[in-house]
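Just the structure for this:
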Amino acid sequence: MTRRRSARSARRRPGRRSKRQQQAQAQLVGVVVGAVVVFSLIVGVVNWLLAHWWVLVIVGVLAALAGVGWFYNRQQQARWEAVRVQALRYGLAQLDALHHSRFEDAVRDLMRRDGCRDAQRVGGGGDLGADVKATDPFGRCWVIQCKHRRNGPRGSAVGTPDLQVLNGTARPVHGADVAVIVTNGRVTAPAVAFAQQQRLHVVDRQTLAVWAAGSRPLWELLRAVPPPRRRTSLS
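Presented below is the predicted three-dimensional model:
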C-alpha cells in the first residue's frame, strides 16, 4: 500500500508543478503584453506631441498663468491675514462663548498679533501640557496651557494640579523660556502661590481682558519674564 501511495504522489507532483509553471508563464506573458501596450501608447503620444508642438506651448503658457495666479492669491491671503491679525481684538464675552478649542485658537492668534509669527496651536490628546507654542520677537520660547471655562468666573477655578502639569512639562519637554497658563475664569490662591514659587506665569481673567483688548503684548503685562535672548528674524 505504501508503494502505491508513493507512486501516486510521484505521479501527481509533476502535474502540479506544470500547472504552476503555466500560470507563471501566463502572468509573464500578460506583463510583457501590458508593457508593450504602455510603451506603444507612450511612443504614440510623444510622436503626436512632436507633430503638434504648439499644444505643448499652449499647455506651458496656461500652466505658467495658473502658477502666477496661485502665487498672487497666496500673497493676497497672507496680506489680508496680516491685516486681520494686527487688528485682532476680543472681548471677554466673546472669549467666554468660544469652544475650548477655539479659545486655544484665539490665544494663538493673539500671540501672532503681538509678533510671534510662528505661533501654533498644538493642543489635543497627548499635548503634554502645551496648547500653544510660540517664539516672541526676542527669541524666547513660550509654552501656554489654556483653561477655558464656559461660565467664565462662575466656572471651576484653575487649581494647583493644573499648574503642576504645566511645570512638569513646559521646560523639560517643550524647552520653554516662559511657561504660562491662560484662563477666562478664576485661579485659586494656592495655585498663584505655586506659580510664583516655580517661575510660572498666570494670565487670569483680568489680565486676559487687557491683553485681548490689544493695548500691549503679553510679555509687557507679566512680571518677572525672562530677559530677551538674542534678537531673531522675528524681531
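
switch to C-alpha atoms for all contacts and neighbour counts from now on
Fine.

Next SSE downstream of the helix or strand bottoming out on mean pLDDT in the chain?
Within the chain, no helix or strand scores below helix 53-86, which has a mean of 71 by mean pLDDT, DSSP states H and E. Per DSSP states H and E, the first helix or strand lying C-terminal to helix 53-86 is helix 92-97.

Now do stretch 131-151, average pLDDT.
For stretch 131-151, the mean pLDDT works out to 95.

Tell me the buried residues in it?
131-150 (16 or more other Cα atoms under 10 Å).

and it, how far apart are its ends?
End-to-end distance for stretch 131-151: 20 Å, by Cα to Cα, to the nearest Å.

can you give me how far it is from the chain middle?
Computed by Cα atoms, centre = their mean, to the nearest Å, the chain-centroid distance of stretch 131-151 equals 15 Å.

Next, the nearest residue to Pro228 once chain neighbours are set aside: phi, psi?
Nearest residue to Pro228 in three dimensions, chain neighbours excluded: Phe138, at 5.1 Å (Cα to Cα, 6 or more residues apart in numbering). Phe138 has phi and psi values of phi -110, psi 10 when expressed as degrees, to the nearest 10.

what's the distance between Phe138 and His100?
As judged by Cα to Cα, Phe138 and His100 stand 29 Å apart.

all helices of the chain, in order?
Here the chain has its helices, by DSSP state H, at 2-51, 53-86, 92-97, 100-113, 160-169, 189-197, 205-213, 218-221.

Low-confidence ranges, the chain, go.
For the chain, the stretches with pLDDT under 70 are 1-17, 72-87, 123-127, 230-235.

Please name the residues that touch Ile144.
By Cα atoms under 8 Å, 6 or more residues apart in numbering, the contact set of Ile144 is Gly129, Ala130, Asp131, Val132, Lys133, Ala179, Val180, Ile181, Val182.

Could you report the separation of the nearest residue to the first one once chain neighbours are set aside from Arg199?
If you skip the residues right next to it in sequence, Gly129 has Leu166 as its closest partner in space, 5.3 Å away by Cα to Cα, 6+ apart. Distance, Leu166 to Arg199, using Cα to Cα: 11 Å.

quick one, which of these two is more surrounded?
Remark: of Leu166 and Arg199, Leu166 carries more neighbours, 22 against 15, as counted by other Cα atoms under 10 Å.

Am I right that the more buried one is in contact with Val182?
No - with contact defined as Cα atoms under 8 Å, Leu166 does not reach Val182; the gap is 11.2 Å.

tell me, what's touching the two both at once?
Gln145.

Which parts of the protein belong to which domain?
Using automatic domain parsing, the domain parsing of the chain gives 2-84, 90-221.

Turn those into JSON lines, columns for distance to Pro227.
Output for the domains of the chain, formatted as JSON lines (distance: least, Cα to Cα, whole Å):
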{"stretch": "domain 2-84", "distance to Pro227": "27"}
{"stretch": "domain 90-221", "distance to Pro227": "8"}
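
among those, which is nearest Arg229?
Closest to Arg229 of those, according to Cα to Cα: domain 90-221, at 5.2 Å.

chain center to the closest one, what's the gap?
Its chain's C-alpha centre and that of domain 90-221 lie 19 Å apart, by Cα atoms, centre = their mean.
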